[in-house]
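[1] here is my input; please provide its structure:
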Amino acid sequence: MDMKVVFPGGKRVDAEIDGFTIKTDQAVQGGGEGSEPEPFTLFFASIATCAGIYVLSFCQHRGLSTEGVSLTMSTEVDPVKRMIGKVKINIIVPDAFPQKYHAPLIRSAGQCAVAKHIEETLPVFDVGVLTESEVS
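    A predicted model of the protein is given here:
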């Protein structure tokens, strides 16, 4: 996957990938305008929406209505490391949602590829500098 990051002004930083632009900005207290989500927010949104697509697919494959189905996600900070130590995802279903599908729904959300990459791999970050002529 290749992506290009551009700087459209202020504290905004946008990613361009596959014809899409993913816009970010810093919060006002961080020197930005707060016009877009911060990059760290998008990081967590990628986890929640990834789990969501697995929940959606689970329901669709079984002909289950997704009306009233949603996910919530919250985080807990590890007091020692002062970093996110736990991510909690809750799948909200209507009272009438069949109980027999609750556990499989949880397993389905647990298949989220983003979360699996975080849990199971520690990618190596290789940051370098290229001149424009090296990129062309």
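[2] find the nearest non-adjacent residue to the residue nearest to the spatial centre of the chain, please.
    By Cα atoms, centre = their mean, the mean C-alpha position of the chain lies nearest to residue 46, the distance being 1.2 Å. Using Cβ to Cβ, 6 or more residues apart in numbering and skipping the chain neighbours, the partner closest in space to residue 46 is residue 114 (5.1 Å). All C-beta spots, glycine's among them, are computed from the backbone N, C-alpha and C.
[3] tell me the contacts of that neighbour?
    By Cβ atoms under 8 Å, 6 or more residues apart in numbering, the residues touching residue 114 are 46-47, 50.
[4] ok, back up a step: okay, and the residue nearest to the centre of the chain sits in which element?
    Following DSSP states H and E, the helix or strand that holds residue 46 is helix 39-61.
[5] so where do the strands sit in the protein?
    Taking DSSP state E as the criterion, the chain carries its strands at 4-9, 12-17, 20-24, 70-78, 83-92.
[6] mind giving me the domain ranges of this structure?
    1-37, 38-120 (automatic domain parsing).
[7] which one of those lies closest to residue 126?
    Closest of those to residue 126 is domain 1-37, at 14.0 Å (criterion: Cβ to Cβ).
[8] cool, thanks, signing off.
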